[in-house]
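Enquirer: Quick check, what structure comes out for this input:
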Amino acid sequence: MKELQNKVVVVTGAASGIGRALALKLADKGCRLALSDMNEAGLVDVTSACARKTDAKSYLLDVSHRDAIYAHADAVMKDFGQVNMVVNNAGVALSASVREMTDEDFKWIMDIDFWGVAHGTRAFLPHLIASGDGHVVNISSVFGLIGVPKQSAYNAAKFAVRGFTEALRQEMKLEKQPVQVSCVHPGGIRTNIARAARMGKSENAEAQRNGFDKLAMTSPEKAAGIIIRGIQKNESRILVGPDAWGIEALNRVLGASYQPLVERFSRKNLYI
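Expert: Presented below is the predicted three-dimensional model:
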């Protein structure tokens, strides 16, 4: 999808962070936008900003509810008549050890970060195929490339997104369907996701969040630009930020031997 003008693009989690930055940049490129989020105030704000440049419509959506996602796909088709791209971006974070993590929190993050992506893909896929020029863009993470202590649930969701998305890309090629598929792996992005994260009962929440802020190397605006360029180049794996490139190289070169390095870093920065 090299030409974005007039393409209908669905973006979940559009009220803030990467989703908001993507919406604004896609509006600049003349895309017609179906923007969704649970944050109504932020959603209204970004939709209004985009509507000054292009056709944009907002939808309140909780991606943890399967039926709501399928209803959303129907509503977007009714409003726009077609869908060319879906960006499954909505996500949350959780910092907790396996021993302390509650079942409720584990289910919460998997329902949003994995099932929200999976259902979002499956709900829109028939419409993407029908468009004749479709693209699925699923947001994973660098934590979909390596495991990190206290991120087991987030790792589980993001590894699952990666496997699901890479398998789908191959299926679309083998079936000769007109749909491209990209998996995005952002590194540290200066968004509010860490500030809004749930924490295990023994976590030092403020220290964890401050630590993330120090490691966040890339602005949402720069991240959005990298993602859009990756989409236009039909990249299967879009790495966002120098830390993402470093982590991907670490994993590729060392394999499972990366783990002692992560343990050493975690001992200094997470077990405080």
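
Enquirer: only C-alpha atoms for contact and neighbour calcs from this point on.
Expert: Noted.

Enquirer: Lowest mean pLDDT among the helices and strands of this structure, which one is it?
Expert: When the helices and strands of the chain are scored by mean pLDDT, DSSP states H and E, helix 205-215 comes last with a mean of 60.

Enquirer: Heading C-terminal from the longest strand along the chain, find the next helix or strand.
Expert: For the chain, the strand with the greatest residue count under DSSP state E is strand 179-186. Where DSSP states H and E defines the elements, the next helix or strand beyond strand 179-186 is strand 198-199.

Enquirer: Mind listing residues that contact that next one?
Expert: Outside strand 198-199, the residues within contact range by CA atoms under 8 Å, 6 or more residues apart in numbering are 93-96, 105, 205.

Enquirer: same thing but at 10 Å, please
Expert: For strand 198-199, the surrounding residues in contact (CA atoms under 10 Å, 6 or more residues apart in numbering) are 92-97, 100-101, 105, 108-109, 150, 205, 208.

Enquirer: Include distance to Pro178 and neighbour count when you put these into JSON lines, please.
Expert: Putting the contacts of strand 198-199 into JSON lines (distance: CA to CA, whole Å; neighbours: other CA atoms under 10 Å) gives the following:
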{"residue": "Val92", "distance to Pro178": "31", "neighbour count": "19"}
{"residue": "Ala93", "distance to Pro178": "33", "neighbour count": "21"}
{"residue": "Leu94", "distance to Pro178": "36", "neighbour count": "23"}
{"residue": "Ser95", "distance to Pro178": "39", "neighbour count": "26"}
{"residue": "Ala96", "distance to Pro178": "41", "neighbour count": "23"}
{"residue": "Ser97", "distance to Pro178": "42", "neighbour count": "18"}
{"residue": "Glu100", "distance to Pro178": "45", "neighbour count": "14"}
{"residue": "Met101", "distance to Pro178": "41", "neighbour count": "18"}
{"residue": "Asp105", "distance to Pro178": "38", "neighbour count": "18"}
{"residue": "Trp108", "distance to Pro178": "33", "neighbour count": "17"}
{"residue": "Ile109", "distance to Pro178": "31", "neighbour count": "23"}
{"residue": "Lys150", "distance to Pro178": "40", "neighbour count": "22"}
{"residue": "Ala205", "distance to Pro178": "45", "neighbour count": "17"}
{"residue": "Gln208", "distance to Pro178": "43", "neighbour count": "19"}
